[in-house]
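Participant: Sharing a model that was predicted from the sequence below.
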Amino acid sequence: MTSLAQLSRFMRRLSLLFSAVLVVAYLGFNLAVVYAPGWLSAPIMEGTIISRGIVMAILLIIGAVAATSLFVRLLNRRGDVLLEAIRKERRS
Amino acid sequence: MSNGANWSAISMFVLFVGATLVMTYIAARRSRTTDEFYAAGSRFGGAANGLAISGDYMSASTFLGISAMVYAFGFDGILYSIGGTVGWPIILFLIADRLRNLGRYTFADVASYRLDRVSMRGISAAGSLAVITLYLLTQMVGAGALVEVLFGLPYEVAVTLVGILMTLYVTFGGMLATTWVQIVKALLLLFGGTVLALLVLAEFDFSLGKLLEAATVTHALGGAIVGPVGSIDDPITALSLGLAFLFGPAGLPHVLMRFFTVPDAHEARRSALYSTAIIGYFQIVVFFIGLGAIVILAQHPEAKTATGALIGGGNMASVHLAGALVGDLFMGFISAVAFATILAVVAGLTLAASSAVSHDLYAHIIRHGRATDKDIMRIARITPLFVGLIAIGLGILFKGQNVAFLGLLALSIAASVNFPILVLAMFWRGLTTRGALWGGAVGLVVAITLVVLSPAVWVVVLGNQSAPYPYDYPTLFSLAAALLTTWIVSITDRSARGDTDRAGFDKQEERALLGKMADG
């Protein structure tokens, strides 16, 4: 496989994987709001008022930002290696 | 404060306007070519552009609207905070790289890369202008009402002022001035929001538990506010709203065009990363502000009317909170920031409209790519004038109307017309011009039809008894219809154009991955 085809496949897989995880997590949370409001309202542990729903909501926002950062890191690392390989192939 | 002018707010706002007009003057000397006008010469870095993107998106509805939702319903408000965040990673995961590598000034550049130039530019420009008009209208009506309350200025004066300022920024300063306005506004908003949230948390020893405890004691709904209280209570709404939030931002023309202000895909990625982080951070800040307002405004009867409602309406929760925690000066600052926010958003929309008209419709469809830079610039500078006039006219025409559904419609059209065209053109070899046109048209028609038949229009605006489409959001059905139509029409497309479309994919993919390296 050429480096260009490898880069194309790598980026597609990465895009699809990260998007799918985010879509499932977010839509899943929205459906939990509809089907399991009682579970979400329950406290995260005994003796606190902080609910599972609020913790999950904040984690979803932080998780979305963390996933973005991870995606950029993975793409920069692997993508730059492949780009360099392509550059070399084209020169020769 | 709804009677008479609020001078501390007005003077701070005048300071902001003065500063932005100086920026526009400086930018004007560097906005003479189309490349400068549409993309600020593509010289911005990822951090600055990320800040500007968040400035473009964090509208008054994010700041005032979501804190008001938290104030009114507690947990249910945070559902909109999550929604406002999740669209940004999607932009990075699916489109940022390819968008930058394939386009120059508008997302129509990308949609028409291998597909038929005239048809694709036509439908992309139509999708863009539909979204922009709807957004502009909601922003103008919101601005007029807000300024009436914040500054004590008459509605018509406020709408006209917003219209004139946005036209000035864009006509003279182009993308450079618009970007600077977005950045300044984003910084002011982040500063004001952070201070407000810190002041709230300081009242509760920086403990979320104590803050929530106090909120449940004060709030009319009591302990129920830590969980869902029913603003989203059926699966169709949960999914439709979810899909609009996920894929709407990736179809907003004024957001997409910001990705052309950076030099390459690498900086486009960083733009998306910074904007996601800033927007996510701000959404959490807004949640704390809303919770704080529940507790603190309960001790401030001067912020409320005799019936216990907030003076100026629910949207004023964060503004009153600033007054209660610090005093009039900070309240004025937050008011000025709220107005600056609207101004920056409408400037971004106006620039996107100018690009769609001058670059897509005029340069490529009317003049078939043979217009000179000077000709295009003339159209690009005249368009904001018309946009300003139309926006002022619509703003005054719709005074006092409930236009919230138009914002929903705009995001739904972005998610079910612009987004599928863009992402399928980028990723699916089988997409043909005919498929994209049919899919886009079906997405548009279904989205508009369902919104008209929904309670927000059919019952509230048209005064009927019950709505044929009982949900507020059309996206689940409009996006599905658009995708299905695009797929069926594309795979059955036996035209010569269809063969050319599919054959062009490999060359497009090379350019999408390599950017300028693909040329040399």
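Facilitator: Okay, I see it.
Participant: what helix or strand is residue 83 on?
Facilitator: I went with chain A, as the question did not name one. Remark: residue A:83 resides in helix A:52-91, with elements defined by DSSP states H and E.
Participant: oops, I was thinking of chain B
Facilitator: Assigned by DSSP H and E, residue B:83 belongs to helix B:75-90.
Participant: follow-up on the earlier one: show me which residues of the helix holding residue A:83 are buried.
Facilitator: A:52-58, A:60-61, A:63-65, A:67-68, A:71-72, A:75, A:79, A:82-83, A:86 (16 or more other C-beta atoms under 10 Å in any protein chain shown). Any C-beta I mention is one placed from the backbone N, CA and C, and that applies to glycine too.
Participant: near chain B, which of those residues show up?
Facilitator: Counting by C-beta under 8 Å from any C-beta of the partner chain, A:53-54, A:57-58, A:60-61, A:64-65, A:67-68, A:71-72, A:75, A:83, A:86 from those sit close to chain B.
Participant: Pick out whichever of these sits closest to residue B:302.
Facilitator: For these, the minimum distance to residue B:302 (C-beta to C-beta) is 30.2 Å, reached by residue A:54.
Participant: Can you give me the pLDDT of the residue lying closest to residue B:208 once chain neighbours are set aside?
Facilitator: Nearest residue to residue B:208 in three dimensions, chain neighbours excluded: residue A:50, at 6.0 Å (C-beta to C-beta, 6 or more residues apart in numbering or on different chains). Listed pLDDT for residue A:50 reads 93.
Participant: same deal with residue A:83?
Facilitator: 88.
Participant: State the distance from it to residue A:77.
Facilitator: Taking C-beta to C-beta, to the nearest Å as the measure, residue A:83 falls 11 Å from residue A:77.
Participant: Would you list the phi and psi of residue 30?
Facilitator: All of this is about chain A. Phi and psi for residue A:30, reported as degrees, to the nearest 10, are phi -60, psi -40.
Participant: Let me rephrase: I mean chain B.
Facilitator: Dihedral pair for residue B:30: phi -110, psi 20, per degrees, to the nearest 10.
Participant: which residue ranges form the strands in the stretch 351-500 of chain B?
Facilitator: For the stretch 351-500 of chain B, applying DSSP state E, counting those that start in this stretch gives no strands.
Participant: Minimum distance to chain A, which residue of it gives it?
Facilitator: The stretch 351-500 of chain B approaches chain A most closely through residue B:427 (7.1 Å), counting by C-beta to the nearest C-beta.
Participant: Can you give me the neighbour number for the nearest residue to that residue once chain neighbours are set aside?
Facilitator: Excluding the flanking residues, the one nearest residue B:427 by C-beta to C-beta, 6+ apart is residue A:12, at 7.1 Å. For residue A:12, the neighbour count with other C-beta atoms under 10 Å in any protein chain shown is 12.
Participant: Return the residues in contact with residue B:479.
Facilitator: B:243, B:247, B:415, B:416, B:419, B:420, B:443 (C-beta atoms under 8 Å, 6 or more residues apart in numbering or on different chains).
Participant: got it, and residue B:79?
Facilitator: A:30, A:33, A:57, B:228, B:231, B:232.
Participant: Which pair in the residues you listed has the greatest spatial separation?
Facilitator: Pairwise distances across these (C-beta to C-beta) peak at 13.9 Å, for the pair A:57 and B:231.
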